[in-house]
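Peer 1: Build me a structure from this.
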Amino acid sequence: MKYTKGKWLTVEHKNGEIDIVSQLTDTMQSPSIATILPVTNLLAKLGGGTTEANANLITASPELLDCLQDAMTDLIEYMSPGQRHHFRKVIKRAKGEL
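Peer 2: Residues are numbered from 1 along each chain as shown. Here you go, the predicted structure:
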């Protein structure tokens, strides 16, 4: 499984929805990768966060995966077996391999 390449960005709409798109080239964005629906007041009170915070976390995902893979490569000899297992598991999950 491959995710959409490029820097992921948010496009906010007046109805409160936020689309996640990929900046494919300097002048071209992808169609919406995902749409983040507005967080309801009840969900926010229950610890659901905000629509913007959810969108920010999602748009950072490709960069976070790259950083995690780099850290795994650079620091593997310093990691405990449990840490290596955790890193590998999260990387596989992000790639859709679990």
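
Peer 1: The helix or strand of the chain with the lowest mean pLDDT: what's the following helix or strand?
Peer 2: Among the secondary structure pieces of the chain, namely its helices and strands, helix 41-45 has the lowest mean (mean pLDDT, DSSP states H and E), a mean of 66. For helix 41-45, the following helix or strand on the C-terminal side (DSSP states H and E) is helix 51-75.

Peer 1: Give me the helices and strands touching the strand or helix carrying Arg93, please.
Peer 2: Following DSSP H and E, one finds Arg93 within helix 81-94. Contacting helix 81-94 under the criterion 3 or more C-beta pairs under 8 Å, 6 or more residues apart in numbering; DSSP states H and E are the following elements: helix 51-75. C-beta here means a position set from N, CA and C on the backbone, and glycine is covered the same way.

Peer 1: Show the average pLDDT along the helix it packs on.
Peer 2: Averaged across helix 51-75, pLDDT comes to 91.

Peer 1: okay, which residue of the chain is out on the far edge from center?
Peer 2: For the chain, the C-alpha farthest from the mean C-alpha position belongs to Glu77; by C-alpha atoms, centre = their mean, that distance is 26.8 Å.

Peer 1: pretty sure that one belongs to a helix, no?
Peer 2: Yes: according to DSSP: H, G, I helix; E, B strand; the rest coil, the state of Glu77 is that of a helix.
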